[in-house]
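> Okay, sequence plus prediction incoming.
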Amino acid sequence: MLLAMTFSAALSDIQLLERLVAFDTTSSKSNLPLVDFLCDYLDRPGVRIAKNRSPDGRKANLLVSVGPEIGDPNERPGLVLSGHMDVVPALEDGWQSDPFTLTEQGDSLVARGSADMKGFLALASNRLRAADGRKLSAPLVLIFTYDEEVGTLGAKHLVDDWEDQRSSWSEWDPLPRAAIIGEPTSLRVVGLHKGHLKARVTLEGRSAHSGYPHLGANAIEAGGRVIDSLAALRRHLEDERPAGAERFPEVPFVALNVGTVQGGSAVNVVPDRCVIEVGARILPGMDSGQLLDRLRRAALDAAGDAPSGAGHRFEVLSDSPPMRVPDEAPITRALRELSGRDEVHSVSYATDAGWLQSLGLDCVIFGPGSIEVAHRPNEFMPRAEMVTARDILEATIGRFCGGAAR
């Protein structure tokens, strides 16, 4: 009973951040302990909560809502605050403190996930907890996802489940149109981002003693031809300028990267297998299917024939869509005004917004903390940005949901 009372007690934003980072939600682990904690912390009369379990049941997306349901599905008032609960591993050398213990260093709050993106989760959770649903004129909704870091898998599962099992989501459908995805942008307004397409090429050979190479088929040599072909495709892509490329001045093209190569077991064995993984960052408006066809042809045509009884394979690992919201969408205009930053930026990484936009959401990427410190040792959140982000979120909630956000 005492533990439940402690969980249900209100925490400051920094106290809540301290609790959130203490959950090791590295993508390889279950996030259910964190989901259960948030359910307990946010549950009270008038709050709706739903867990959207992953196919294996080890993880869950979390949806929380307060305020009235949407009456007119065409208008869709209210606000969605969204973020991912998973973090990347904290295995880098150079950590000066326990990655899963929030540590104050000057004006910074150091921990894995402090910026990417449990700082925003703490702010969003406390804003919903403090909102009086009886005074809101439109709903405030939280969508917290799993496995964003390994391919936006949680958001994709939620969207697929929403579309395939729509009747089971009738209480939540439709969602408010305006949405903030709280990735760390240093409080800049980001209105578009690239997608990230990941694929794997598996080359099959035939093992043999290296002294008798004619008895085998070297899969790594086939892999070398594939890498050369993909490098040629990369150069072609760098010369192309898809529509909207000017919004990405640093990299105004599809960025193709051969990321991993695995193969072979010993120097004296002809390798019978080589696995290559490749990623491509596509621009908003592009057809990922067409790029997939180009990748597939470049890889498999260069690989040549596989030995009898075997076959080379090309498979898609994940396809995180690009995202773009109109510069004059109400949520974009509001954040530009409230943040005092009129420019709408672009970024070359993918987020859950790529999937969530397919639910009819106008998604803007906006949050405290810097992407430049994410995925690095001693990741940190500036305390001042937490305070500024809190004030902006409260003003945004007041504008889109009505009533007091405190």
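Good, I have the coordinates.
> starting at the chain centroid, how far to stretch 260-273?
Distance, stretch centre to chain centre, for stretch 260-273: 34 Å (C-alpha atoms, centre = their mean, to the nearest Å).
> what pLDDT, on average, does that stretch get?
Mean pLDDT, stretch 260-273: 96.
> Which positions in that stretch come out as buried?
261, 263, 264, 270, 271, 272, 273 (16 or more other C-beta atoms under 10 Å). In short, each C-beta sits where N, CA and C put it, glycine included.
> On the strand side of things, show who the second one bridges to.
To tie it back to what came earlier, the one meant is residue 263. Note on residue 263: beta-bridge partners residue 274, judged by DSSP bridges.
> from what I can see it touches residue 220, true?
Yes - Residue 263 lies in contact with residue 220 (C-beta atoms under 8 Å); the separation is 4.7 Å.
> Which neighbours do those two have in common?
When contacts are counted by C-beta atoms under 8 Å, 6 or more residues apart in numbering, residue 263 and residue 220 are jointly contacted by 203, 271, 274.
> can you put these in TSV and add distance to residue 58?
Below are the shared contacts of residue 263 and residue 220 laid out as TSV (distance: C-beta to C-beta, whole Å):
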residue	distance to residue 58
203	32
271	34
274	31
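> Report pLDDT for residue 403.
Reading off the model, residue 403 has pLDDT 61.
> just to revisit the earlier point, tell me the one among the shared contacts of residue 263 and residue 220 nearest to residue 119.
Closest approach to residue 119 among the shared contacts of residue 263 and residue 220 (C-beta to C-beta): residue 274, at 41.4 Å.
> so how many other residues sit close to residue 288?
Residues lying near residue 288 (other C-beta atoms under 10 Å) number 18.
> try the one 5 residues further on
Neighbourhood size, residue 293 [other C-beta under 10 Å]: 11.
> Which parts of the stretch 201-350 of the chain are strands?
Assigned by DSSP state E, counting those that start in this stretch, the stretch 201-350 of the chain shows strands spanning 208-209, 255-263, 269-270, 273-281, 313-320, 323-324, 344-347.
> Quick check: which helices or strands does the last one pack against?
Counting contacts by 3 or more C-beta pairs under 8 Å, 6 or more residues apart in numbering; DSSP states H and E, the secondary-structure elements packed against strand 344-347 are strand 189-193.
> Contacts for the strand it packs on next, please.
183, 244, 247, 284, 322-327, 332, 335-336, 339, 341, 343-351, 353-354, 364-366.
> Identify the farthest-apart pair in the buried residues of stretch 260-273.
Top of the distance list for the buried residues of stretch 260-273 (C-beta to C-beta): 261 and 270, 16.9 Å.
> any idea how far residue 100 is from residue 220?
39 Å (C-beta to C-beta, to the nearest Å).
> Can I get the buried part of the contacts of strand 189-193 as one PyMOL selection?
The buried subset of those, as determined by 16+ other C-beta under 10 Å, is captured in PyMOL by this line:
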select buried, resi 183+244+247+284+322+323+324+325+332+335+336+339+341+344+345+346+347+350+351+353+354+364+365+366
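> taking the contacts of strand 189-193 one by one, which sit in helices?
If you go by DSSP state H, those have 332, 335, 336, 339, 353, 354 in helices.
> From the residues you listed, pick the one nearest residue 237.
residue 354 (19.5 Å).
> Let me see the contact set for that closest one.
152, 155, 193, 195, 320, 321, 322, 323 are the contacts of residue 354 under C-beta under 8 Å, 6+ apart.
> tell me, how many neighbours does the fourth one end up with?
So the one you mean is residue 195. Neighbours around residue 195, by other C-beta under 10 Å: 23.
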